[in-house]
Structure formats: C-alpha cells, structure tokens
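K.L.:
below: sequence and its predicted model.
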Amino acid sequence: MASTNKGLFKQLFIIHRLHFHILKEKLEKCDIHPGQPPMLMLIAKRDGINQNHIAKKLNVSPATVAIMLRRMEKADLVFRKHSENDRRFQHVYLTEKGREVVKVIKYEIEKTEQIATDGFSESEKKELEHLLNHVIDNLKKHAKEECHD
C-alpha cells in the first residue's frame, strides 16, 4: 500500500508541474507572471479582500503579498483602498483590466483541463474529481494553514 501512495504523490507532482508549465507558457504571452493567477483568482472571488486574508489563503507572507500587489498595481490589474473602519487595513480590488485577465486565466485553465482529460468519459471525469476531492479533504484535516480553494 505504501508504494501506491508514493506513486500517487509522484503522479500528482508531475501533473502539477506540467499544468504549471503549460499555463506559464500561455499566460506569459499576456504579461501574466506565474505567481499572479492564484492571487487574481482569489481577488476575483472576493473583490475587496484585505491583504492579510490574501496572505493567509495563499499561505504566503504579508510582505510577499505587498510586493506582488505593487507589481500588479503597476500593471493596472488591481488597486488598493484603505479600510474606512481601520486605516491599517487595505482592501484589494480588480481593475477592469484585471477582470479581463481573470477571464483569460479561466479560459486557459479550462483549455488545460480539457487537454488533461482528453479521452475521458464524463463519468470518468466525475469519478476523478470525486477521488481528488477526497484526497484534498483528507489532507485538509491535517493541514495547519489555510489553503486557497
């Protein structure tokens, strides 16, 4: 049984790297840097999220978030606004350009998923999704940090 798990995680790692490589290649053509899609997708899901929550959800330091946001502000993807209730907090919003970039990211993710599941029946896709969700649920029980989902 142990060798099956080692094989499983090796396969998941390979899938992750291939997925990253394919998306990186496509998104760099649109001037989207590799670390930006998860943050942009999170902001799109929760427009107005504060920087500390971004750091927690993506499991990165607040300093890393600040650096990434500065770069994305320069690219006109996001803007920050101080909280009206507490000036120590900044909320992050997508710009119009940022919303368009999120559409591109979603499209490229869908295309990559279609490539990955080429030749699968609908029931096989649902079963794979079910099994992977089960793995995620098992791992979340043991994870100490929040994770972007």
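P.N.:
Cool, the structure landed.
K.L.:
alpha carbons only for contacts and neighbour counts from here, please
P.N.:
Will do.
K.L.:
ramachandran angles for P34?
P.N.:
Main-chain torsions, P34, degrees, to the nearest 10: phi -50, psi -40.
K.L.:
how close does V65 sit to E96?
P.N.:
Separation of V65 from E96 (CA to CA, to the nearest Å): 21 Å.
K.L.:
who has more neighbours out of those two?
P.N.:
Legend: neighbour count by other CA atoms under 10 Å for V65 and E96, higher for V65 (20 against 12).
K.L.:
could you find the closest non-adjacent residue to that one?
P.N.:
Excluding its sequence neighbours, the residue lying closest to V65 (CA to CA, 6 or more residues apart in numbering) is A55, at 6.1 Å.
K.L.:
can I get the strand or helix carrying that neighbour in PDB? Just the C-alpha atoms.
P.N.:
Using DSSP states H and E, A55 sits in helix 51-58. Extracted in PDB, the C-alpha atoms of helix 51-58 (Å, rounded to 0.1, in the frame of the first residue of the first chain):
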ATOM      1  CA  GLN A  51      -4.100  41.900   2.200                       C
ATOM      2  CA  ASN A  52      -3.800  39.800   5.400                       C
ATOM      3  CA  HIS A  53      -6.600  37.400   4.200                       C
ATOM      4  CA  ILE A  54      -4.800  37.100   0.900                       C
ATOM      5  CA  ALA A  55      -1.600  36.100   2.700                       C
ATOM      6  CA  LYS A  56      -3.500  33.500   4.800                       C
ATOM      7  CA  LYS A  57      -5.500  32.000   1.900                       C
ATOM      8  CA  LEU A  58      -2.400  31.700  -0.300                       C
END
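K.L.:
what is it packed up against?
P.N.:
Applying 3 or more CA pairs under 8 Å, 6 or more residues apart in numbering; DSSP states H and E, we find helix 51-58 packed against helix 36-45, helix 62-74, strand 90-94.
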